[in-house]
Each structure stands twice: as structure tokens, then as C-alpha cells.
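Asker: Coordinates for the following, if possible.
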Amino acid sequence: MTYCVGLLLDAGLVMLSDTRTNAGVDNISTFGKTFVEEQPGERVLVLLTAGNLAVTQAVWNRLQEGVRLDGEITTLARVPSMFRAAQLVGAAVREVFEADGPGLRSQGLNFDVSILLGGQIGPQPPRLFLVYAAGNFIEATRDTPFLQVGEHKYGKPILDRVLVPATPLADGVTLALISMDSTLRSNLTVGLPIDLTVIRRDALATALRRRLTEEDPYFAFLRQRWSESLREAYRALPRPDWLDQ
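Answerer: A predicted model of the protein is given here:
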């Protein structure tokens, strides 16, 4: 399992993924799940992947080599818009399914893949999509300015309560890290290190790419302070008055 989250803010994008993969409790490995296509000044696209590792790597490799879309072979480096990029990722997923789906089914395995795609191309606004295993996709909106894949339930409440499109990028990073920490604490199949990518609106380049481990000073401080703040908030709540009746 994995956890990836993307935030679509007025100021840009925050993309965060863990790196744990497992094929059983005694076969745990670290693999990056963040992939970047960047042409500074022209485009920047980030993919966060969840699901079967062989499938997600096959999708990325096909995107690098070229995928047929509307009768033409193209790549993420050449698509004219983020919508077309989402269509291309969906087409790549379907190509991998056609090639590997029957073999997976013969072994009793599901075709498991989901991908977050965020970025900006030229003067068009930044956009964030979630591509499913069928190759179809949805897009983040101002009503719901974040998308998640993988083990998302533990990290969702803080985003539901706090995140809005006007949230500053720095605050978005903090919220994404808290969301990840909540997941790390509650699910052993999600694990450190985690990969953070930040894109500022109209910069057309990554503003930050950073791998955080348990030794990262800020992340360690954030995890401790968030736990303390939750305990303090809990202790400050009044008891229900009907308990004494």
C-alpha cells in the first residue's frame, strides 16, 4: 500500500508521496513513487503513483517512450495541455492493461494502479488529476482542492477541515506533512522516507524537491508538536454536562 496526496492551491501545487512497497510482511522495500517531467520555462508535470509496482513503472516507461493518443505517438514532453496529459496517462494505463492484464489475471492478481498528475503547461493554469485503473480520470476543483491515492482515509480529515484554495504554499506543505504523519502512525504499509515536490504557479519549474527521513529536523518537530497539540486540544474540551445527571 502507499499514500500520495496532491494539493491544488492558488499559489501552486504541493505533491507528496511515501516510498514503501511490500510483497508481504517480510519483503519490504523502498521505491520512489514520484516522477517528474520538467522543461524549465515551458512545462512541469509531476506523477505520484500507487498500486502494483511493476504496473506503475511500466506506465511511466511507456510515457517516456511515447503513447498513442488520437492516432499519434506522443509523450508528456509534447502534449499541449494538462487535460491532454491526463488523457495520455490514461492511454498509457490502458496500454499496460492490454499487455499485462491477462497475465495478472492468470496469477489471480488484480490490475492495481492509480496516479495523481499535477502540473502546469505554458500560460495555462495549474491543474491536478486523478487517473484510475480504467484510464479515466477526475480533476480537483475549488470545492475539493486536493486528491489522494492509496491509503487515504487517515490523512483526509485534516485536509477536509483546513485546506482551501487560498492556503499559502508553505501552509500547504505543513498540512500535507501532517496528513502523511497521520497515515504513517495508523498504517504500517505506508513508510518513510517521503518525497515532497512543490511547484509555484507560473514558475514552470519545480520550486522544491526534497526527500524527508525520520531524521529530518522539521518533520520530526512537526510530528511531535502535532501530537502534543492534539493532546492539549483534547484536554481543553469540556466534559458533556449530561454525564453527571
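
Asker: What average pLDDT does the top helix by length along the chain get?
Answerer: What stands out as the longest helix in the chain, according to DSSP state H, is helix 82-106. Regarding helix 82-106, the rounded mean pLDDT is 97.

Asker: buried residues in it?
Answerer: Within helix 82-106, the residues that qualify as buried by neighbour count (16 or more other CB atoms under 10 Å) are 82, 84-97, 100-101, 104. (C-beta placed from N, C-alpha, C; glycine too.)

Asker: Same check on stretch 67-75?
Answerer: Within stretch 67-75, the residues that qualify as buried by neighbour count (16+ other CB under 10 Å) are Val67, Leu69, Thr74, Thr75.

Asker: now do stretch 169-186
Answerer: If you call a residue buried by 16+ other CB under 10 Å, then stretch 169-186 has these buried ones: 169, 171-184.

Asker: Which neighbouring elements make contact with the lowest-mean-pLDDT helix or strand in the chain?
Answerer: When the helices and strands of the chain are scored by mean pLDDT, DSSP states H and E, strand 20-22 comes last with a mean of 87. When contacts are defined as 3 or more CB pairs under 8 Å, 6 or more residues apart in numbering; DSSP states H and E, strand 20-22 sits against strand 28-30.

Asker: Could you name the helices and strands sitting against the longest helix of the chain?
Answerer: strand 43-51, helix 53-65, strand 67-69, strand 113-121, strand 127-131, strand 137-139.

Asker: what's the burial count for Thr21?
Answerer: The burial count assigned to Thr21 is 18, neighbours taken as other CB atoms under 10 Å.

Asker: Flag the shaky bits of the chain, pLDDT-wise.
Answerer: Along the chain, segments meeting pLDDT under 70 span 23-25.

Asker: mind checking how far Val36 is from Ala166?
Answerer: When CB to CB, to the nearest Å is the yardstick, Val36 and Ala166 sit 26 Å from each other.

Asker: go on, Val59?
Answerer: Val59 sits 33 Å away from Ala166 when distances are taken as CB to CB.

Asker: ditto for Val5
Answerer: Between Val5 and Ala166 the distance, using CB to CB, works out to 18 Å.

Asker: Pick out whichever of these two has more residues nearby.
Answerer: Between Val5 and Ala166, counted using other CB under 10 Å, Val5 has the larger neighbour count: 26 against 11.

Asker: what helix or strand does the more buried one sit in?
Answerer: Remark: Val5 resides in strand 3-9, with elements defined by DSSP states H and E.

Asker: looking just at contacts, which helices and strands does that strand meet?
Answerer: When contacts are defined as 3+ CB pairs under 8 Å, 6+ apart, strand 3-9 sits against strand 12-18, strand 43-51, strand 113-121, strand 127-131, strand 146-150, helix 169-186.
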